[in-house]
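Chemist: this one's structure only:
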DNA sequence: GTCTATACTTGGATAGAC
DNA sequence: GTCTATCCAAGTATAGAC
């Protein structure tokens, strides 16, 4: 039986501790997205989490390990939503629509930016690159299965092998995000997605695939 | 007439000074490409240039200004070569070939990496992003005129408006570079360029354009 | 578990000798 | 113009009080 004493009751204290952990991860994501890898110091992150800087090291051991935890959080949080979206895409047009809405969501939430910062920032820290690559693998797999799913049974599959198409799509996400950060504006990226949809639709029509109707009225 | 004295003869001394300036710029490029923005400190760059760290500030005022000078150097050094390459591309296939050889050259020399590092790194330094954007504008203009040139008179021009196509191409360069740094390997990027060429060729054939023969034997 | 204080390191930037 | 020495700010990480 638990003996009485100062109120360090296990459930409560564990919950509070986990709260801080979560707050630090959320702050790390926010910091990566707003200040970049170079700006993501223990002090800056702790300030955003409204806790002491020492807790970064208590909970995660090092700043880089916290950043990797943030990357994990971003991955798992989005992966489910994306898997669902992508499963619905059974045509090239559908794939283009899915890619577009994923891009918009992630652009607004800053998640793609987190990936971009981690990929480039990791290059200046020996050994970090590999750990980032591991965490990105599921995203790349998802992109590849999305392409496979969208092209299943389409003659376009011969023109667009899934591995290369997936690689190009992932690269496109990252590159468009970079240009959007540079411009402080994502309208050009959105225009590219719009155009991609038209081309996708053309591919579907040529292949005789039943094509989803446009969501917007682009006559 | 110049009076005799300690050998600080103007021509020689100015030449030596310019040598150091150039060495610092070359070292900055190398450092950005190999250690990234976060690793590009005045001390690290000076060490690679085999001179004292103080000279960074004497010649450039600040590290960031040196990095911008490095970006300028990369831009001007490549722009001429690219303009020539791109002027020769008068079909979509030709454009794909030009893009491919530019990518390979820049990947090996690390120039794209310099751009990627500057774009992302600049986000953590207030005001630097704008200055990077200015320097990137000519590249984006070049891409756009390349597209215009390649599509001149082709029916594909209606499908691929130059601004959007150019934006996508630039984004593709950056994204493929990022994935190549992540993988430590550019074979996947090269495969994408190979596939892009096939698709470009298909576009040209459909449009009835005279298509350059393949350089490699892809039957 | 959390905070404050502090040791230690690295990096930007300047001063002064040569 | 270049180097050495140095100052100062910011960052990582740890120690010890609570």
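Modeler: Perfect, I can see it now. On a predicted model such as this, the values are computed, not experimentally measured, just so you know.

Chemist: residue A:36: what's it in contact with?
Modeler: A:117, A:121, B:120-121, B:123-124 (C-beta atoms under 8 Å, 6 or more residues apart in numbering or on different chains). Glycine gets a C-beta too; all of them are placed from N, C-alpha and C.

Chemist: state the distance from it to residue A:81.
Modeler: Taking C-beta to C-beta, to the nearest Å as the measure, residue A:36 falls 25 Å from residue A:81.

Chemist: what parts of chain A come near DNA strand D?
Modeler: Residues of chain A found near DNA strand D (C-beta under 7 Å from any atom of the strand) are A:39, A:41-44, A:53-54, A:57-58, A:61-64.

Chemist: okay, the residues you listed in CSV with neighbour count and pLDDT next?
Modeler: Output for the residues of chain A next to DNA strand D, formatted as CSV (neighbours: other C-beta atoms under 10 Å in any protein chain shown; pLDDT from 0 to 100):
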residue, neighbour count, pLDDT
A:39, 17, 96
A:41, 14, 98
A:42, 19, 98
A:43, 11, 98
A:44, 19, 98
A:53, 15, 98
A:54, 10, 98
A:57, 14, 98
A:58, 12, 98
A:61, 10, 98
A:62, 11, 98
A:63, 19, 98
A:64, 18, 98
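
Chemist: tell me the two of those that are most distant?
Modeler: A:39 and A:58 (22.1 Å; C-beta to C-beta).

Chemist: residues of stretch A:79-96 that come out buried?
Modeler: Buried positions in stretch A:79-96, judged by neighbour count with 16 or more other C-beta atoms under 10 Å in any protein chain shown: A:82, A:85-86, A:89-96.

Chemist: what are the ranges of the helices in chain A?
Modeler: Taking DSSP state H, the helices of chain A run over residues A:10-35, A:42-48, A:54-60, A:63-87, A:92-109, A:111-122, A:128-151, A:156-159, A:162-183, A:187-206.

Chemist: mind checking which of the ones you listed is nearest residue B:132?
Modeler: For these, the distance to residue B:132 is smallest for helix A:162-183, at 6.8 Å, taking C-beta to C-beta.

Chemist: the closest one near chain B at all?
Modeler: Yes - using C-beta under 8 Å from any C-beta of the partner chain, we find that helix A:162-183 touches chain B at A:163-165, A:167-168, A:170-176, A:178-179, A:181-183.

Chemist: okay, angle between that helix and helix A:111-122 too, please.
Modeler: Counting by axes from the mean of the first three to the mean of the last three C-alpha atoms, to 10 degrees, helix A:162-183 lies at 90 degrees to helix A:111-122.

Chemist: got the angle for helix A:162-183 vs helix A:92-109?
Modeler: Relative orientation of helix A:162-183 versus helix A:92-109 (the same axes, to 10 degrees): 40 degrees.

Chemist: now, among the buried residues of stretch A:79-96, which is nearest to DNA strand D?
Modeler: residue A:82 (30.5 Å; C-beta to the nearest atom of the strand).

Chemist: where does chain A dip in pLDDT?
Modeler: Filtered on pLDDT under 70, chain A yields the residue ranges A:1-15, A:209, A:212, A:214-219.

Chemist: who in it is up against DNA strand C?
Modeler: Proximity of chain A to DNA strand C (C-beta under 7 Å from any atom of the strand) is limited to residues A:13-14, A:16-17, A:19-20, A:51-55, A:58-59.

Chemist: out of those, flag the one nearest to residue B:106.
Modeler: residue A:53 (40.3 Å).

Chemist: phi first, then psi, for the closest one.
Modeler: Backbone torsions of residue A:53, given as degrees, to the nearest 10, read phi -60, psi -30.

Chemist: and the closest residue to it other than its chain neighbours, how many residues sit next to it?
Modeler: The shortest distance from residue A:53 to any non-neighbouring residue, by C-beta to C-beta, 6 or more residues apart in numbering or on different chains, is to residue A:46 (4.2 Å). Using other C-beta atoms under 10 Å in any protein chain shown, residue A:46 is surrounded by 23 other residues.

Chemist: contacting residues around residue A:46?
Modeler: A:24, A:27, A:52-53, A:55-56.

Chemist: buried subset of those residues, written for PyMOL?
Modeler: Of these, the buried ones go into a single PyMOL selection, burial set by 16+ other C-beta under 10 Å:
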select buried, chain A and resi 24+27+55+56
